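Enquirer: Fold the following, please.
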Amino acid sequence: MGGFLVLAGIAFAHLAVRTRQTLVAIAGVAVGVGFFLAVSGMMTGSQADFIRTLVDSAPHIILQDEQRAPAHQPAVTAWPGAAVAVRGVRPQDEVRGLKDWPAMLAAARAQPGAVAAPSLSGAVAARFAGRTEPLALNGVDPRIEGQLTKIEASLVGGHLTDLEARPDGIIISRPMADRIGAHLGDTLVVSSSAGVLQRMRILALIEPDARAGFYAGDNAAYGLLRTAQVLFARPNVVNQLHVKLGDPDAAEAVAATLEARWGYKWVSWQERSRDIRNLLVVRNIIMYAVIAAILLVAAFGIYTSVSTSVTDKRRDIAILRAMGFTERDVEGVFLIEGLVVGVAGALAGFAFGTVLLEILARLPITVQGKPLVLPLDRSLRQYLIAGAASLASALVAAWLPARKAAAVDPVDILRGAA
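Expert: Residues are numbered from 1 along each chain as shown. Alright, predicted model coming up:
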């Protein structure tokens, strides 16, 4: 312990002699760490907010009335690998809809913390004041559907449960209502491909607000499940099950298990957003590459400071070696110098980064005329990553000139001085 204190004392003496250069090196590290926290906090925070919105905007698992692979012909299934091939057989038309869906609904609800609800979805045409627009109508159970998504937070003028009191009610998006010139309380003439016409009253509008965390698209519409079954002429039929789990991260594994059991296509939120998640990985690689470049510039400041110290203190190094200091002792002196600069720079960078994050949080940003607060990640994890990265770069930057100092031959230096 005493030996370390001696080495530390020598290192602090070197830094004190070159005060201006030391402060410049510390400032370089502080700027690097500060911008690391600002950029990483902004990017990581926005990504976490986006993923959270992605998870909450739709059910964690959606069961669809389709198979991942086409059905085999019965002859091929009965005699696999037979010498006679069956070709040109007209495939049998299947009646769409989930078979034995109550049992599948019970299996989904049996998952830990799960909430599940049936749904019947299909395309309809809505006519109002001589204008006709296509809608993707979702017949749902209002009591349960509101627990699966954040649709309730996006509704204006009414609630999802209003559909129970008005079976002829419909909920459409505000952009769609503006497109056909309809308002709350107006009645639309809705027709399906089954030839059924239904007059449906607008009970609420879906506001496309990013802060609400839900938006299904301009063409999305919601109605009562039994009303959709009448409209599509499919009584007691559902073609989707919507499932929300207690642990969203388990959605992919649960979907695979249920799909293996029932055969239908169970799609998790991870599968639906796979392309987006791959883009986020690329985004993170670019982000950390930029941040690494910032810290690399700060490391060059430490390298320059320690390297200059080694050059200026060659005579002192020779004297230390002549007094009995080993190569590792001399190397330790300059490593301590780099570590001190790195720690001081990291602490100053924490303060600088905190100020930058606070400025970003208070930026007056508006989206579509509405104020928006940047989602920032100010967790301890970000500070630990920034501190560890700065210390690692400081040690590497100091180690290179420290090796050079340890390799100094005291005999040659002292002989040349004499």
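
Enquirer: Run through who's touching the host helix or strand of residue 202.
Expert: Counting by DSSP states H and E, the element that carries residue 202 is strand 197-206. Outside strand 197-206, the residues that touch it by Cβ atoms under 8 Å, 6 or more residues apart in numbering are 151, 154-160, 162-163, 166, 168-174, 177, 182-192, 214-216, 220, 223, 227, 230-231. Where you see a C-beta, it was placed from the backbone N, CA and C, and this is true even at glycine.

Enquirer: So what would you say the end-to-end distance of stretch 131-150 is?
Expert: Taking Cα to Cα, to the nearest Å, the first and last residues of stretch 131-150 lie 30 Å apart.

Enquirer: Who are the packing partners of the helix or strand following the strand holding residue 202?
Expert: The helix or strand immediately downstream of strand 197-206 is strand 220-224, counting by DSSP H and E. Under the contact definition 3 or more Cβ pairs under 8 Å, 6 or more residues apart in numbering; DSSP states H and E, strand 220-224 sits against strand 131-140, helix 162-165, strand 169-173.

Enquirer: can you list contacts of strand 220-224?
Expert: 124, 126, 135-140, 142, 145, 151, 160, 163-164, 167, 169-173, 176, 200, 206, 231.

Enquirer: who does that strand pair up with?
Expert: strand 131-140 (parallel), strand 169-173 (antiparallel) (DSSP bridges).

Enquirer: Over it, what's the mean pLDDT, rounded is fine.
Expert: The pLDDT scores in strand 220-224 average 91.

Enquirer: got the angle between that strand and strand 197-206?
Expert: Using axes from the mean of the first three to the mean of the last three Cα atoms, to 10 degrees, the inter-axis angle of strand 220-224 relative to strand 197-206 is 120 degrees.

Enquirer: Report the distance from strand 220-224 to the chain centre.
Expert: Once both centres are worked out by Cα atoms, centre = their mean, to the nearest Å, strand 220-224 turns out to sit 29 Å from its chain's centre.

Enquirer: what do you get for stretch 294-307?
Expert: Distance, stretch centre to chain centre, for stretch 294-307: 33 Å (Cα atoms, centre = their mean).

Enquirer: what stretches of the stretch 301-418 of the chain score poorly on pLDDT?
Expert: 305-307, 309-327, 330, 367-371, 400-418 (pLDDT under 70).

Enquirer: can you rerun that using 50?
Expert: For the stretch 301-418 of the chain, applying pLDDT under 50 flags the ranges 417-418.

Enquirer: What strands flank the strand holding residue 202, and is each parallel or antiparallel?
Expert: Strand 197-206 is paired, per DSSP bridges, with strand 155-156 (antiparallel), strand 169-173 (parallel), strand 187-192 (antiparallel).

Enquirer: Next, format those strands as CSV and append distance to residue 43 and mean neighbour count.
Expert: CSV is the format used below for those (distance: least, Cβ to Cβ, whole Å; neighbours: other Cβ atoms under 10 Å):
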stretch, distance to residue 43, mean neighbour count
strand 155-156, 32, 16
strand 169-173, 30, 25
strand 187-192, 43, 18
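
Enquirer: what's the least confident stretch among these?
Expert: Of all the strands paired with strand 197-206, strand 155-156 carries the lowest average pLDDT, namely a mean of 88.

Enquirer: Please list the residues outside that one that contact it.
Expert: For strand 155-156, the external contacting residues (Cβ under 8 Å, 6+ apart) are 171, 174, 204, 205, 206, 207.

Enquirer: What's opposite the nearest residue to the second one once chain neighbours are set aside in the beta bridge?
Expert: So the one you mean is residue 174. Excluding the flanking residues, the one nearest residue 174 by Cβ to Cβ, 6 or more residues apart in numbering is residue 205, at 4.5 Å. Assessed by DSSP bridges, residue 205 has beta-bridge partners residue 156, residue 172.

Enquirer: which residues touch stretch 253-266?
Expert: For stretch 253-266, the surrounding residues in contact (Cβ under 8 Å, 6+ apart) are 61-68, 98, 104, 107-108, 111, 243, 245, 267-268, 271.

Enquirer: so residue 24 makes contact with residue 301?
Expert: Yes: at 6.6 Å, residue 24 and residue 301 qualify as touching, with contact defined as Cβ atoms under 8 Å.

Enquirer: between those two, which one's more packed in?
Expert: More crowded of residue 24 and residue 301, by other Cβ atoms under 10 Å: residue 301, with 22 against 14.

Enquirer: isn't the more buried one right next to residue 23, touching?
Expert: No: using Cβ under 8 Å as the test, residue 301 is too far from residue 23 to be in contact (10.6 Å).

Enquirer: Put together a markdown table for the strands paired with strand 220-224, with distance to residue 257 on each row.
Expert: Formatted as a markdown table, the strands paired with strand 220-224 follow (distance: least, Cβ to Cβ, whole Å):
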| stretch | distance to residue 257 |
| --- | --- |
| strand 131-140 | 25 |
| strand 169-173 | 33 |
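
Enquirer: quick one: which of these is nearest residue 239?
Expert: Counting by Cβ to Cβ, residue 239 lies closest to strand 131-140 out of these; the figure is 9.5 Å.

Enquirer: and the next element down the chain from the closest one?
Expert: helix 142-148.

Enquirer: Just the buried residues of that next one, please?
Expert: Going by neighbour count (16 or more other Cβ atoms under 10 Å), the buried part of helix 142-148 is 142, 144, 145, 146, 148.

Enquirer: ok, residue 384 - contacts?
Expert: Counting by Cβ under 8 Å, 6+ apart, residue 384 makes contact with nothing.

Enquirer: how much space between it and residue 393?
Expert: To residue 393, residue 384 is 15 Å away according to Cβ to Cβ, to the nearest Å.

Enquirer: ok, back up a step: just send the strands paired with strand 197-206 back as a markdown table, with distance to residue 356 too.
Expert: Converted to a markdown table, the strands paired with strand 197-206 look like this (distance: least, Cβ to Cβ, whole Å):
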| stretch | distance to residue 356 |
| --- | --- |
| strand 155-156 | 37 |
| strand 169-173 | 38 |
| strand 187-192 | 51 |
